[in-house]
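Novice: Below are the sequence and a predicted model; questions follow.
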Amino acid sequence: MWRVKVNNVVIALTTANKFRAFRTSSKKNHELKGSQSVVNAKATCLGHLLKKFHSDWNFGSSVMLSIMLKSSVLRKLRIESEYQFKYQRNVMRSSIELSITEYRGSKIIAFLYDKELLEHVKKDDVVKLVSTTSHDTTPLVIACRNGHYDVAEYLIEKCGANVNQPASVMFNGEVIERAPPLWCAAAAGHLALVKLLVKNGAHVNATTKTDSTPLRAACFDGQLDIVRFLVAHGADIEIANHHGHTNLMIACYKGHIKIVNFLLALKADVNRKSIKGNTALHDCAEGGFLEVVKVLIKHGAKMNVDSYGVSPLLTAAATGHKHIVDYFISISNLVSRQEYINALELLGATYVDKYRDMIGALEYWKQAMDKRYRCKPVIPKPLPLPVVVDYEFAWEITDSDELDGLLSDLDAMRMQALVIRGRILGPTHPDTSSYIRFRGVAYANSGLFSRCIELWNYALDIKQSMLGPLDPMIESLLFSFNELFSYMICKQSKGQTVLSAQREEFLRVFKKAVFEAKRGRELLDKGSAREHDITCFNKILVTTLHLASLLTLEMPEEDTAQHTALHKTLYELVQIKDNNALLRVGADVSAVDTAGNTVLHLAAMFHPSPDLITILLDAGAHIDTVNKMDSTFESLMRNKRLYGSTILQVCNPVKYVTLTCLAARVVKKVHDINSVPAQLQAFVEMH
């Protein structure tokens, strides 16, 4: 919460008195202007407040400040009657949002909420005012997010604010899109506001963009009173978010046992599965909440597996919660001996990578070995999987005596953990990939970049072979490669030879990125892509472009295999059939090659389509940029005797040459470039 110092409160009240005196004077001197003098006075006082408080107030995202700075009250107001409402509206909006941003009680609000101002505005116009969004949010959503009951009540009852109008809001550093006011109040734990909104007709099952309900928001933060109130007023306890994750699941994951008991008393489905197949028992096992686990088991929770074939027992082992593993094992007939063994082996792998407890890991692996071979019937280890070269040819140990030897070779022990985890969870499980990446980071931090690249390439190969296009895990791994290569180039700039030796691997990753971009484009062309698929495609394109720029920092010698392979892959990238794709992710239409050619120059040298040229020009490409031969796109087209063609009709200079471009031409022709300010020289030179 923002705080205004005591002296600033005094200033505010003093300013209010000045406002009253100013308004009285204004009424005497400007009787014919009516409400305009009031608005002018209000503008003066708001300006005074801004000047006095700016150094002490933290406006956070500066949304409110920008509104006030941009609003008409800080400009000269016009007298014409048709403009009066416009300026009154800006004054009111600034006043309302100033109060919400820094709420210091009714004295400041009384000063800012001038009822006389409202009397001059139609009710419908006031409703439009408080419903207008700025930076994708509304005054009511901000008030509900920050717990300002009086402000919310005023907006609803006096201004007619829509209690169901969604907007964007920030929670825990994350932007929640299309969040209804009720969701904001519930998520922030403001019961009084929740009651106010429901009383005034807020929909209790309204959802955000990700299908999160106010009830889910309350369950997330353990707001039992709000949960009870919402359910009593019709909230559906079984509405899941877009991942299929229910209210019971999120309460279990966060360990809110009182809410869990409340939902179970209402017959919440204890064995319901999300889209990825996990249940509430998976969630509390992952969170490590033993008491919640016991409650779920008591209410009939089953040891079901998720879409990766992972049970709650293995989930607890993968997250290192030994007490949960022990509890599951203690229940008769809940888990089989094979499941028990797998849990012990996975727990050991977790102790290696998560806790770095090598002794503890060995103990669990030995227990698992005993369960395999000392109990009847013997359960031997699975047949050895093909040896993974990128794991330095490590294989899974099958003899208890060999385990002790791992303590003398910590790297071998870490590889053993990767092998065991991959066998039990499967190669596509997020944890398998996550720990491979984690191990790669450790190698990179030690300067062993080749080992890092080998491991990550192995993970990327598996994912691209087993997962569909535009999978977030593939996009994330490509981004990690991007960061790694950027880091290596920084090392190279400091005199360390790290990149040259890895150029082949660099190119290999770039080819995989292009392949993924092509797969993504094909999926989008089918018309079945979802919104997050488009977002993922854009991210992959950005990463691929960045990899291309890193690769071309040091071009291989011409007529070499590397040079040919790089050009071939770059050609495949630009062949992706989405004319706007590269521009959408930030490609620079003004970039030039060694000959000074822009993309428009290159297009003119071949056989460009009118649509492509139009896209480039609309994206800001300059039709009059000159290359090192002083040729422009237009002159190149003329030389090809295409001046009267469709293309030059499309790119009419009158439409695409601006006054600044014309001025730059004159300056370049008449003046010495050194007489031009440094920040303008590049712009002048390109014309």
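Specialist: Received, thanks.

Novice: quick one: the strands in the stretch 51-200 of the chain?
Specialist: 167-171, 174-179 (DSSP state E, counting those that start in this stretch).

Novice: Name the stretch among those that sits most buried.
Specialist: A comparison of the strands of the stretch 51-200 of the chain by mean neighbour count, using mean count of other Cβ atoms under 10 Å, puts strand 167-171 on top with a mean of 19. To be clear about C-beta, it is placed using only N, CA and C from the backbone, and glycine gets the same treatment.

Novice: For that one, which helices and strands make contact with it?
Specialist: Using 3 or more Cβ pairs under 8 Å, 6 or more residues apart in numbering; DSSP states H and E, the elements in contact with strand 167-171 are helix 139-146, strand 174-179, helix 181-188.

Novice: let's go with 7 Å and repeat that
Specialist: helix 139-146, strand 174-179 (3 or more Cβ pairs under 7 Å, 6 or more residues apart in numbering; DSSP states H and E).

Novice: related to what we said a few turns ago, can I get the strands of the stretch 51-200 of the chain in JSON lines with distance to residue 347 and mean pLDDT?
Specialist: Formatted as JSON lines, the strands of the stretch 51-200 of the chain follow (distance: least, Cβ to Cβ, whole Å; pLDDT from 0 to 100):
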{"stretch": "strand 167-171", "distance to residue 347": "34", "mean pLDDT": "93"}
{"stretch": "strand 174-179", "distance to residue 347": "32", "mean pLDDT": "94"}
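
Novice: Any chance of TSV for those, columns distance to residue 414?
Specialist: Putting these into TSV (distance: least, Cβ to Cβ, whole Å) gives the following:
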stretch	distance to residue 414
strand 167-171	37
strand 174-179	33
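
Novice: ok, what's across the strand from the most centrally placed residue in the chain?
Specialist: Compute the mean C-alpha point of the chain, and by Cα atoms, centre = their mean the closest residue is residue 174, 7.4 Å away. When assigned by DSSP bridges, residue 174 has beta-bridge partners residue 171.

Novice: measure it to residue 212 for me?
Specialist: 12 Å (Cβ to Cβ, to the nearest Å).

Novice: before we move on, what about residue 538?
Specialist: Relative to residue 212, and taking Cβ to Cβ, residue 538 is found at 24 Å.

Novice: Who has more neighbours out of the two?
Specialist: Neighbours were tallied for residue 538 and for residue 212 using other Cβ atoms under 10 Å; the higher tally belongs to residue 212 (25 against 16).

Novice: May I have the secondary structure class of the more buried one?
Specialist: coil (DSSP: H, G, I helix; E, B strand; the rest coil).

Novice: does it really touch residue 242, like I thought?
Specialist: No. Using Cβ atoms under 7 Å, residue 212 is not in contact with residue 242, being 8.4 Å away.

Novice: shaky segments in the stretch 551-687 of the chain?
Specialist: Scanning the stretch 551-687 of the chain for pLDDT under 70 picks out the ranges 577-587, 607-608, 639-651, 653-654.

Novice: What are the buried residues along stretch 411-431?
Specialist: 413-425, 427-429, 431 (16 or more other Cβ atoms under 10 Å).

Novice: Which of those fall in strands?
Specialist: Using DSSP state E, no member of the buried residues of stretch 411-431 falls in strands.

Novice: when you check the residues you listed against the helices, which ones overlap?
Specialist: With helices taken from DSSP state H, the overlap with the buried residues of stretch 411-431 comprises 413-425, 431.

Novice: how long is stretch 260-274 end to end?
Specialist: This stretch, stretch 260-274, spans 17 Å end to end (Cα to Cα, to the nearest Å).

Novice: mind checking how far it is from the chain centre?
Specialist: With Cα atoms, centre = their mean, to the nearest Å as the basis, stretch 260-274 stands 30 Å off its chain's centre.

Novice: now it: mean pLDDT?
Specialist: Averaged over stretch 260-274, pLDDT sits at 98.

Novice: can you list contacts of the helix or strand harbouring residue 477?
Specialist: Here residue 477, judged by DSSP states H and E, is contained in helix 472-493. Residues outside helix 472-493 that contact it (Cβ atoms under 7 Å, 6 or more residues apart in numbering): 430, 433, 437, 444, 449, 452, 456, 459-460, 463-464, 467, 498-499, 506, 509, 513, 516, 536, 539-540, 543, 546-547, 550, 553.

Novice: May I see the buried residues of stretch 270-277?
Specialist: In stretch 270-277, counting by 16+ other Cβ under 10 Å, buried: 270, 273-274.

Novice: again with stretch 200-218
Specialist: 200, 202-204, 206-208, 212-218.

Novice: Quick one: low-confidence residue ranges for the stretch 101-250 of the chain.
Specialist: In the stretch 101-250 of the chain the weaker segments, taking pLDDT under 70 as the threshold, are 101-120.

Novice: Helices of that one, start to end?
Specialist: Under the criterion DSSP state H, counting those that start in this stretch, helices of the stretch 101-250 of the chain are mapped to 106-112, 115-119, 123-131, 139-146, 149-157, 181-188, 191-199, 214-220, 224-232, 247-254.

Novice: re earlier: if any of the contacts of helix 472-493 are buried, give me the ChimeraX selection for them.
Specialist: Buried residues within the contacts of helix 472-493, by 16+ other Cβ under 10 Å, are selected in ChimeraX with:
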select :433,437,444,449,452,456,459,460,463,464,498,499,506,509,513,516,536,539,540,543,546,547,550
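
Novice: Now, the contacts of helix 472-493 that are in helices?
Specialist: Per DSSP H, the subset of the contacts of helix 472-493 in helices is 430, 433, 437, 444, 449, 452, 456, 459-460, 463-464, 506, 509, 513, 516, 536, 539-540, 543, 546-547, 550.

Novice: thinking again about what came up before, dump the helix holding residue 477 to PDB, restricted to CA.
Specialist: Output of helix 472-493 as PDB, limited to C-alpha atoms (Å, rounded to 0.1, in the frame of the first residue of the first chain):
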ATOM      1  CA  PRO A 472       6.000 -25.300 -24.600                       C
ATOM      2  CA  MET A 473       8.800 -27.600 -23.300                       C
ATOM      3  CA  ILE A 474      10.400 -27.600 -26.800                       C
ATOM      4  CA  GLU A 475      10.100 -23.800 -26.900                       C
ATOM      5  CA  SER A 476      11.600 -23.500 -23.500                       C
ATOM      6  CA  LEU A 477      14.600 -25.700 -24.300                       C
ATOM      7  CA  LEU A 478      15.300 -23.800 -27.500                       C
ATOM      8  CA  PHE A 479      15.300 -20.600 -25.500                       C
ATOM      9  CA  SER A 480      17.800 -22.100 -23.100                       C
ATOM     10  CA  PHE A 481      20.100 -22.900 -26.000                       C
ATOM     11  CA  ASN A 482      19.700 -19.300 -27.100                       C
ATOM     12  CA  GLU A 483      20.800 -18.000 -23.700                       C
ATOM     13  CA  LEU A 484      23.700 -20.500 -23.600                       C
ATOM     14  CA  PHE A 485      25.100 -19.500 -27.000                       C
ATOM     15  CA  SER A 486      24.800 -15.800 -26.000                       C
ATOM     16  CA  TYR A 487      26.700 -16.500 -22.900                       C
ATOM     17  CA  MET A 488      29.400 -18.300 -24.900                       C
ATOM     18  CA  ILE A 489      29.800 -15.400 -27.200                       C
ATOM     19  CA  CYS A 490      30.300 -13.100 -24.300                       C
ATOM     20  CA  LYS A 491      33.000 -15.400 -23.100                       C
ATOM     21  CA  GLN A 492      34.500 -15.400 -26.600                       C
ATOM     22  CA  SER A 493      34.600 -11.600 -26.500                       C
END
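
Novice: for it, the distance to its chain's centre please.
Specialist: Using Cα atoms, centre = their mean, the offset of helix 472-493 from its chain centre is 19 Å.

Novice: and it, average pLDDT?
Specialist: Mean predicted confidence for helix 472-493 is 89.

Novice: Which positions in that helix come out as buried?
Specialist: 473-482, 484-485, 488.
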